[in-house]
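[1] Structure for the following, please:
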Amino acid sequence: MHSKLRHHIEKHLPLTDEEFAFVGKHFVFKKFKKHQFMVQQGEPVPYNYFLLSGLTKLVYTDEATDKQHILAFAMEDWWDNDFQAYYTRARATLSMECLEDTEALCLSLDDFDALRAGLPKIEHFFLEKVMAGFLASQRRILSLLTSNAQQRYEQLASQYPSLLQRLPKTQLAAYLGVSRETLSRM
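    Presented below is the predicted three-dimensional model:
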């Protein structure tokens, strides 16, 4: 399981065996069942999650209407979380739910800080991940503002074709902001 993390990190920077041993000791392995929450709105967020297997969705639930807004999906080799709550040690405003049985390597904020202090070059890796996440968020916002549902579907299909094969149609429709019936007509 740690070999997946090493391969993931080494796409951005090389690590010696000793450096990776230091990295690995800061993560905790956890398994989650389908429909289990890894992060739940209103609760503390103890970890950042690197997905080894499985599929999750990141959701905001409007308490007034009980409507769910899907912000993102994550699958193997991706990081996901309510990052605002994690980095500020606040309670979650988002929930992260497993759409499949999921395995993850979990990094507490204290371990994140110890990792960066003990291996300063790892900050480059995390900076790359933050920038990629920020750019993806901007693309998603622009897509919602400027594209119709068909265009959003085509963008998602071209960027993440394997993701579409795994998503239930109801979840995909909610992410695109259309009904399941409209999705079926696309």
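
[2] ok, residues contacting the helix or strand harbouring residue 113?
    Assigned by DSSP states H and E, residue 113 falls within helix 109-118. Applying C-beta atoms under 8 Å, 6 or more residues apart in numbering, the contact partners of helix 109-118 are 22-23, 26-27, 48, 86-87, 89, 107, 122-123, 126. Every C-beta, even on glycine, is put in place using the N, C-alpha and C of the backbone.

[3] all helices for this structure, in order.
    Ranges of helices within the chain are 2-10, 17-24, 83-88, 109-118, 122-146, 149-159, 161-166, 169-176, 180-185, based on DSSP state H.

[4] most packed of these?
    Between these, the one whose residues have the most neighbours on average, counting mean count of other C-beta atoms under 10 Å, is helix 169-176 (a mean of 18).

[5] For the spatially most central residue of the chain, which non-adjacent residue is closest in space?
    The centroid of the chain falls nearest to residue 80 when counting by C-alpha atoms, centre = their mean (2.2 Å). What sits nearest to residue 80 in space, not counting adjacent residues and going by C-beta to C-beta, 6 or more residues apart in numbering, is residue 74, at 3.6 Å.

[6] which residues sit in contact with that neighbour?
    Contacts of residue 74 were listed using C-beta under 8 Å, 6+ apart, and they are 49, 51, 55-58, 80, 96.

[7] again, but for residue 158
    Counting by C-beta under 8 Å, 6+ apart, residue 158 touches no other residue.

[8] Quickly note the distance from it to residue 116.
    As defined by C-beta to C-beta, to the nearest Å, residue 158 lies at a distance of 35 Å from residue 116.
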